[in-house]
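> Provided below for reference: sequence and predicted model.
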Amino acid sequence: MQDTNSTASPLAPEWLAVPGDVNALHAPLWAEGVNRDDAGELTIDGITASELKAQFGTPLFVMSESDFRSRARAFKEAFDSAFEDICGGVDVYYAGKSFLCTAVASWVADEGLRLDTCSGGELAVAARAGIKGPDLGLHGNNKSDAEINRALDMKLGRIVVDSLDELDRVAKIASSRGEVANVMLRLTPGVHAHTHEFIATAHEDQKFGLSMADDSTDQAGLSAAEEAVAAATSYPGIELLGLHCHIGSQIFEPDGFALAAEKLLGFLARMQEKYSMTLPELDLGGGHGIAYTPVDTPRPPAEIANALAAVVRSKCAELGIVPPRISIEPGRAIVGTSTFTLYEVGTLKTVRVDAPGGTTGQENVTFPRRYVSVDGGMSDNARPVLYDADYSAILASRESSAAPQLSRVVGKHCESGDIVVRDVYLPEDVAAGDLLAVPGTGAYCWALSSNYNYLARPGVVAVRNGSARLIVRGETEEDLLNRDMGVANV
Ligand SMILES: *Cc1c(COP(=O)(O)O)cnc(C)c1O
C-alpha cells in the first residue's frame, strides 16, 4: 500500500472509506435543507455557515426546525397507521432527555406528540412550554419525593415506576394527598439491543426496572415485576395503566423490539388472567437509531412500525387478549439528525504513526494522521468520550479540491481523550479559520454539555424558512461566574 492520500490509510478503521468527493454531503447524515451553495459553502435553508458564524459565533448547534418536525410527524404517522386496526393508533412520547428546551417542547406538542421527562427540571421546561400534565410522562430510577409531588401537582398522564421501593413511595405520597397516581411499571424483559444485535438474558444486572426473572424477589417464585403488579393493583393510591420497557439505544433492526414486545405481552396476559384486571397500555420505549457515519443504516419508522404491528397483532391473537394501547419513546431518531455543530478550526498538526505497510504490506512504515483542533470539544459533545461514539465531519466554509487526508478532529480541553471525530477524511488544505460541521449532534450533545475548563456552553440556533434564531442562547463569561460566590466569602 502506498503512502498517498487517495488510498485508504492503514491507520483508518476498516469501515471508513476514502470519499470519492471530499466535499460531498452524504444525505442520511444531514438535516433537511442542508446543501452547498454555488460558491461551495455549506448552507442550511440558504443561510451560509459563515453567516451563522458571524451572527452567533462558534461553536454553535444549528438545528433545522422543519427536519425536527418532519421526523416527529413521520414517527407519529408511521406508527398510527401501522397500529390503527390494532389499538386505534400509537402515543408517541418524545424523549426530552435527548434535547429539550421550550421551543422544542412546543414543536413536539404541535406535531401531536407527547413528552417524556425524567426530572423536575425537565418538568419545569415542559410546564414553561405550556404542555399539560396528561401529555407528560415521568421516568427515572430515583425520583425524589419533590419530583413525585410535582408530577401529582401537574396531574401527569403517567409516572413510570422503576422499582418496588418507588411503587411504595408513589402510593404513599398519592394516598396522603387523597389522590391516585397514573402508573406504568418499567420491566426489564431481558432483551438488550444495540445497533445490529440484541442479546437475551434471563437475569438483569442493571439499575433500571423490575426484573421479570422468576426468582428476582424474596417471595418464592414471584418475579419483581409480578410482585409490583400485585402490589400496584392493591394500592388505593395507584391506577395501574400498564407496562413499559426500554431495551437500549441506537437500534436499527426491529427484532429486539419485537422480542421485547412478545415477552411483555405474554406477561401482560398472564397478569390480567391471574389478577382479574386489565392493563390497557404497553410502552415499547425508544432507542431507534440514526446515521452518524456513512456505514450506519437506520430503517425508516414505517419499517419498524410495520414489523412491530405484525408481532403485536399475532401475539395478541395467540394469547386471546384485547391489544393494549401501544406507546413508544423515540428521542435520538427525532432530534439527532436535525442538528449539526459548527466549529472553527484552530491549531493543526500532523503526526506519523507506525503501521504495517510498505511494498510487502508487512514492513512497519509510518503514516500521517492529522490533528485538527476546533474551538469546542468534549464539553459540547461528550459522546465520543463516554461511548466511543463515531461521528463524521466536513469542511463547511468552502469547497476544496485538495486530496482527502486521514484526520482526527479534537477539542480544546485539557484531556488527550478530548476527541470529536476519531477518524475522518478531510481535505489536506484545511487551515486555521476554516469552519467544520459535524452532523448528527442533535441528541445527547447539548444535553450532556458541561463547562469543563470554564468553556461557555454553546447556543442553539433553529433555522426555519430561511431565517435563523436562537432557541437557547450561548453562555457568557458572566454566566460562568454567576454562581461563584466571590472572594468576599472566602
Ligand atoms: C433514553 C430513553 C429513551 C430515548 O432513547 P433514544 O435512544 O433517544 O430514542 C426512551 N425511553 C427511556 C426510558 C429512556 O431512558
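Yep, it's here. The model shown is predicted, which means the values in this text are computed figures rather than measured ones. Residues are numbered from 1 along each chain as shown.
> thinking T350 is in contact with R369, fair?
Yes: at 7.0 Å, T350 and R369 qualify as touching, with contact defined as CB atoms under 8 Å. All C-beta spots, glycine's among them, are computed from the backbone N, C-alpha and C.
> So if I had to pick from these two, which one is more boxed in?
Ranked by neighbour count (other CB atoms under 10 Å), T350 and R369 place R369 first, with 19 against 13.
> I figured the more buried one hits S407, correct?
Yes: taking contacts as CB under 8 Å, R369 lies within contact range of S407: 7.4 Å.
> Check which helices and strands the helix ranked longest in the chain sits against.
Counting residues, the longest helix found in the chain (DSSP state H) is helix 65-87. Packing partners of helix 65-87 (3 or more CB pairs under 8 Å, 6 or more residues apart in numbering; DSSP states H and E): strand 90-95, helix 102-110, helix 301-319, strand 325-328, helix 332-335, strand 460-464.
> now, of these, which is deepest in the fold?
Sort the helices and strands packed on helix 65-87 by mean neighbour count, taking mean count of other CB atoms under 10 Å, and helix 332-335 sits at the top with a mean of 30.
> after that helix comes which helix or strand?
Downstream of helix 332-335, the next assigned helix or strand under DSSP states H and E is strand 339-357.
> on that earlier part again, now mean pLDDT and distance to the ligand too, for the helices and strands packed on helix 65-87, in a markdown table please.
Shown next, in a markdown table, are the helices and strands packed on helix 65-87 (pLDDT from 0 to 100; distance: least, CB to the nearest ligand atom, whole Å):
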| stretch | mean pLDDT | distance to the ligand |
| --- | --- | --- |
| strand 90-95 | 98 | 3 |
| helix 102-110 | 98 | 13 |
| helix 301-319 | 98 | 12 |
| strand 325-328 | 98 | 8 |
| helix 332-335 | 98 | 4 |
| strand 460-464 | 98 | 17 |
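> so which of these comes closest to A355?
When the helices and strands packed on helix 65-87 are compared for distance to A355 using CB to CB, the nearest one is helix 332-335, at 33.8 Å.
> just checking, what packs against the closest one?
Looks like helix 332-335 contacts helix 65-87, strand 90-95 (3+ CB pairs under 8 Å, 6+ apart).
> Any chance you could list what contacts the helix or strand where G137 lies?
In this assignment (DSSP H and E), G137 forms part of strand 136-138. Strand 136-138 has contacts (CB atoms under 8 Å, 6 or more residues apart in numbering) with 93, 114-118, 123, 126, 147, 151, 154, 156-160, 184, 329.
> This protein against the ligand: which residues are in contact?
Within the chain, the positions lying close to the ligand (CB under 6 Å from any ligand atom) are 95, 97-98, 139, 246, 249, 285-288, 329-333, 443.
> Between these, which sits nearest L395?
So of these, ranked by how close each gets to L395 (CB to CB), first place is A443, at 23.8 Å.
> Touching, the closest one and V335? I think so.
Yes: using CB under 8 Å, A443 and V335 qualify as a contacting pair, with a distance of 5.0 Å.
> between these two, what contacts are shared?
Overlap of the contact sets of A443 and V335 (by CB under 8 Å, 6+ apart) consists of S98, F99.
> Tell me the spacing between the residue of the stretch 351-490 of the chain found nearest the ligand and D116.
Residue nearest to the ligand within the stretch 351-490 of the chain (CB to the nearest ligand atom): A443, separated by 5.7 Å. Here A443 is placed at a distance of 13 Å from D116 (CB to CB, to the nearest Å).
> Spell out which residues are contacts of both of the two.
G331.
> More neighbours: which of these two?
More crowded of A443 and D116, by other CB under 10 Å: D116, with 30 against 26.
> What is the three-state secondary structure of that one?
strand (DSSP: H, G, I helix; E, B strand; the rest coil).
> So it sits against D91, correct?
No: at 10.5 Å, D116 does not count as touching D91 under the criterion of CB under 8 Å.
> tell me the contacts of the residue positioned nearest the centre of the chain?
With distances taken as CA atoms, centre = their mean, R332 lies nearest the centre of the chain, 3.1 Å away. Counting by CB under 8 Å, 6+ apart, R332 touches A95, S98, S249, Q250, G286, G287, H288, G289, I290, G442, A443, Y444.
> Which members of those residues are the farthest-apart pair?
Using CB to CB, those reach their maximum pairwise distance at G287 and G442, which is 15.6 Å.
> okay, the two: which has more neighbours?
Remark: of G287 and G442, G442 carries more neighbours, 31 against 23, as counted by other CB under 10 Å.
> Give the closest residue to that one in space, chain neighbours not counted.
Distance criterion CB to CB, 6 or more residues apart in numbering; nearest residue to G442, sequence neighbours excluded, is T339 at 3.3 Å.
> confidence score at the one you found?
If you check T339, the pLDDT there is 99.
> The residue lying closest to G346 once chain neighbours are set aside: what secondary structure?
Spatially, and ignoring its direct neighbours in sequence, G346 is nearest to S373 (4.9 Å; CB to CB, 6+ apart). Assigned by three-state DSSP, the conformation of S373 is strand.
> Beta-bridge partners for S373, please?
Applying DSSP bridges to S373 gives these bridge partners: V410.
> same question for the helix or strand following the strand holding G137, mean pLDDT?
Toward the C-terminus, strand 136-138 is succeeded by helix 145-153 as the next helix or strand (DSSP H and E). Mean per-residue pLDDT for helix 145-153: 98.
> can you check stretch 199-216 too?
85.
> Then stretch 177-194?
Averaging pLDDT along stretch 177-194 gives 94.
> quick one, what contacts the residue of the stretch 151-300 of the chain at minimum distance from the ligand?
Scanning the stretch 151-300 of the chain for the residue nearest the ligand gives G286, at 2.9 Å (criterion: CB to the nearest ligand atom). G286 makes contacts with A95, H246, S249, I328, E329, P330, G331, R332, A333, as judged by CB under 8 Å, 6+ apart.
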